[in-house]
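**Student:** Using only what follows, build the 3D model:
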Amino acid sequence: MNKFLLLGSFAAAVTVSILMYPQGAVAVVLCVLLSVAIILTIEYVIDEGRSFLKNLFLIALLIRLALGLFIYSFELQDFFGPDFLTYDTNGMRLSGYWSGELAIESFGVERVLSMTEPGWGMNYLVGIIYYIFGQSPLAVQFINATLGAGAVPAIYYCAKKIFNNLKVARYSAIAVAFFPSMILWSSQLLKDGMIIFFLAIAMACVVRLHEKFDYLAITGLVVSLFCIISFRFYIFYLVVTAVVGSFIVGAGSTSKAIGNRLAILLIIGIGM
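**Tutor:** You can find the predicted model right below:
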C-alpha cells in the first residue's frame, strides 16, 4: 500500500476528528474499523493485484469522504439527496423511543418501528447509530462511504473470477471507484451505496460458492440478502431469482456437484 496515501489518510482523519469533534471523531473511528475489515478481506481473499486494489479502495474512499464532508459542511443535503431528511428524522424517532424520550403513541414512532415498512433497515441503522453516539449524520455518511468504496474489491473479485482476466478486473474496479453517480450516492446519508455494496458481496459469494462449498461465503450471501431486503425489498426477489438460477444452470452435472448445490440451497433457505 502506498505510504504517501496512508500518511495523507491519517492526516485527514486527525484533521476531521479535531475540527468536527465529537461527530467527526465518531465518524472517523467507524470508518477506520470498517476500512480495516475490508483491507484484511482483500488480503485474505484476493490472490493477485492486492496492492493495486488496496490503493484503489483507499482513493475511492477518500473521494467519497471529501464529497460527503463538502455536502455536510455546506448543508447541501436537500439539493443532492433530500431523502437524508427522512432517514435522519426516522433515526431520531427510533433513538428517542429506545431511550425513553418518546412513547410509542408519539407521531411516526410506530411506523418506523415496523419491519414491514419499505426501507426499514435504513431507519434501524440510523437509529442504532444515533442511540449509541447521539444524532450523528456524519457517522452514517462515513459508513455509507466506506461500504460504497468496499464495492470496488468485490467487483474486482467477481470480474477476475468470471473472465479470468486481470485487465478486465482492474477496469471494472476503476469504473466502480470513479463513476460519478457511485461517488455521489455513496457519500451521503442515503442507502444506495450500501445496497450496491451488498449486491456486489452477494455476487462475490455466489461466484465463490460455484468454486467450492464455503460456510463463510454462505454466511456472507445470507447476510447480504437480509440487508438487501431490509433496504430495498423488491431488489431482493430479483437477486434471489438470479442466485437460485445460477446454481441450477451454472454448474456441473456430477453427483458431487448436484449434492453441493442442494446443500447450499438448503442452508440459504433455512437462513432466509
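**Student:** who's in contact with stretch 177-189?
**Tutor:** With contacts defined as Cβ atoms under 8 Å, 6 or more residues apart in numbering, stretch 177-189 is touched by 56-57, 59-60, 63-65, 67-68, 71, 77, 80-81, 84, 87-88, 126, 137, 140-141, 144-145, 147-149, 151-152, 176, 192-194, 196. From N, CA and C alone the C-beta is placed, and that goes for glycine too.
**Student:** cool, and stretch 10-24?
**Tutor:** By Cβ under 8 Å, 6+ apart, stretch 10-24 touches 25, 27, 28, 31, 32, 62, 65, 69, 136, 138, 139.
**Student:** Contact partners for the first one?
**Tutor:** Under the criterion of Cβ under 8 Å, 6+ apart, the contact list for residue 25 reads residue 17.
**Student:** now the second one
**Tutor:** When contacts are counted by Cβ under 8 Å, 6+ apart, residue 27 is found next to 16, 20, 136, 138, 139, 141, 142.
**Student:** Quick check: residue 186 vs residue 52, distance?
**Tutor:** Computed as Cβ to Cβ, to the nearest Å, the residue 186 to residue 52 distance reads 21 Å.
**Student:** Between the two, which is the more surrounded one?
**Tutor:** More crowded of residue 186 and residue 52, by other Cβ atoms under 10 Å: residue 186, with 31 against 17.
**Student:** Pull up the per-residue confidence for that one.
**Tutor:** Predicted confidence (pLDDT) for residue 186: 95.
**Student:** Ramachandran angles for it?
**Tutor:** When read as degrees, to the nearest 10, the backbone of residue 186 gives phi -90, psi 10.
**Student:** Just give me how far the helix ranked longest in the chain sits from the chain centre.
**Tutor:** Scanning the chain for the longest helix, with DSSP state H as the assignment, gives helix 137-163. Helix 137-163 has its average C-alpha position 6 Å from the chain's average C-alpha position, going by Cα atoms, centre = their mean, to the nearest Å.
**Student:** Mean confidence (pLDDT) on that helix, please.
**Tutor:** Mean predicted confidence for helix 137-163 is 95.
**Student:** Pretty sure residue 225 sits against residue 203.
**Tutor:** No: using Cβ atoms under 8 Å, residue 225 makes no contact with residue 203, being 11.5 Å away.
**Student:** Tell me the residues that contact both of those two, please.
**Tutor:** When Cβ under 8 Å, 6+ apart defines a contact, no residue borders residue 225 and residue 203 alike.
**Student:** before we move on, back to that, list the buried residues in the longest helix of the chain.
**Tutor:** For helix 137-163, a neighbour-count test (16 or more other Cβ atoms under 10 Å) marks 137-160 as buried.
**Student:** report the angle between the axes of the helix or strand harbouring residue 174 and helix 137-163?
**Tutor:** Per DSSP states H and E: residue 174 is located in helix 166-178. With axes from the mean of the first three to the mean of the last three Cα atoms, to 10 degrees applied, the angle from helix 166-178 to helix 137-163 works out at 160 degrees.
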